[in-house]
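# please work out how this folds:
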Amino acid sequence: MSTSYDKPMYPAPGSAEKKSNVVVIVLIILAVLFVVALCVIGLLVALLLPAVAQARSAAQRAMAQNSAHQITLALLNYEAVHGKFPAAQTTGDGSKPLMSWRVEILPFLEESSIYEKLQREQAWNGPANLPFTNLPVRAFTSPRCPDTDGTNRTAFVAVVGPDTVLRPDRTRKMREIADGASNTAMLMELFESDIAWAEPRDISVEEAVRLIQSCPDQRGLAVAMADGSVQTLPPTTSEETIIKMFNCSDGAASPW
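Model prediction:
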């Protein structure tokens, strides 16, 4: 009587090799697709980055212009209430500058809580005032002028001189702007600032020329006019135009 055994099942010759080749081909195809996908994503990112940067720059520029507009409206409201613009500096009873014009317009920027706590007969950085003048005031900030201290820098300054709207030694009335409010600039933004908002310090007309003409943004800096409007002055603006813009009575019209 013979005993039957099941025959062992072996793969057909060459089948394992064929499966191995298929796996290799699939892996190669997947690798190629992965590389192509990375290239496409990289290309899309490269194309989108300039657009994103431009959008960010435009948004920051719009925010700076809005802040400049708020400050200018506060100055105009101050003038309407008091019949004159503030002096660039307050001196109290003496001749030493104590505080900036920016302090005087705090109530018109919804910052009365800070204004009412200040001892205005003392210096802005005196012991009684420093806890409050070190606080940030949002209207004076700008994303285009980062505050590295995160406290009290101002991104907006007046341009101060003998014939400017804001003067260090005396006030000016709106009707005294001989060239007209729409033709005369009052203040401008900065890209870099070491000036505290309460500090009685701004820039001269000559400094304004230098800062505008050296602005890294070719679209320029925000410049606020005495009628409340805000313009952008590019670095290609001539020195003569800038000087005449910030003077009140040289008979020159705005370039816009």
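
# now do the SS call for the closest residue to Cys215 other than its chain neighbours.
Leaving out its chain neighbours, the residue that sits closest to Cys215 by Cβ to Cβ, 6 or more residues apart in numbering is Pro235, at 4.7 Å. Glycine gets a C-beta too; all of them are placed from N, C-alpha and C. Classification of Pro235 using DSSP: H, G, I helix; E, B strand; the rest coil returns coil.

# surely Pro235 touches Leu211?
No. Contact criterion Cβ atoms under 8 Å: Pro235 and Leu211 do not qualify, at 9.4 Å.

# any idea which element Thr232 lies in?
strand 230-233 (DSSP states H and E).

# residues contacting that strand, please?
Strand 230-233 is contacted from outside by 61, 65, 68-69, 72, 185, 188, 212, 219-225, 242, 245, 254, 256, using Cβ atoms under 8 Å, 6 or more residues apart in numbering.

# redo that, cut-off 10 Å
61, 64-72, 185, 187-189, 208, 211-213, 215, 217, 219-225, 241-242, 245, 254-256 (Cβ atoms under 10 Å, 6 or more residues apart in numbering).

# of the residues you listed, just the buried ones, ChimeraX syntax please.
Applying 16 or more other Cβ atoms under 10 Å to the contacts of strand 230-233, the buried members can be selected in ChimeraX as follows:
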select :61,64,65,67,68,69,70,71,72,185,187,188,189,208,211,212,213,215,220,221,222,223,224,225,242,245,254
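
# buried stuff in stretch 168-184?
For stretch 168-184, by 16+ other Cβ under 10 Å, it's 168, 171-172, 177, 179, 181, 183-184.

# just how off-centre is that stretch within its chain?
26 Å (Cα atoms, centre = their mean, to the nearest Å).

# wait, is Val157 part of a strand?
Yes. Membership of Val157 in a strand is supported by three-state DSSP.

# now the strand holding Thr232: average pLDDT?
This predicted structure assigns strand 230-233 an average pLDDT of 93.

# and for stretch 115-122?
94.

# surely Asn66 is within a strand?
No. Using three-state DSSP, the assignment for Asn66 is helix, not a strand.

# got the confidence number for it?
90.

# again with the one 3 residues further on
At His69, the predicted lDDT confidence score is 94.

# look up phi and psi at it.
Backbone torsions of His69, given as degrees, to the nearest 10, read phi -70, psi -40.

# pretty sure it contacts Ala224?
Yes. The pair His69 / Ala224 is scored as a contact, 7.0 Å apart, by Cβ atoms under 10 Å.

# now the helices: where do they sit in the stretch 101-250 of the chain?
101-104, 112-115, 130-133, 205-213, 239-246 (DSSP state H, counting those that start in this stretch).

# ok, back up a step: quick check: the residue nearest to Cys215 vs Ile212, distance?
Applying Cβ to Cβ, to the nearest Å, the value for Pro235 to Ile212 is 6 Å.

# find residues that contact each of those two.
220-221.

# winner for burial among the helices of the stretch 101-250 of the chain?
Most buried of the helices of the stretch 101-250 of the chain by mean neighbour count (mean count of other Cβ atoms under 10 Å) is helix 101-104; its value is a mean of 26.

# what's that one packed up against?
helix 15-82, strand 89-90, helix 112-115, helix 130-133, strand 156-160 (3 or more Cβ pairs under 10 Å, 6 or more residues apart in numbering; DSSP states H and E).

# related to what we said a few turns ago, right, and the pair among the buried residues of stretch 168-184 with maximum separation?
For the buried residues of stretch 168-184, the maximum inter-member distance is 22.5 Å, found between Pro168 and Asn183 (Cβ to Cβ).

# Ala31: neighbour count?
If you count neighbours by other Cβ atoms under 10 Å, Ala31 ends up with 10.
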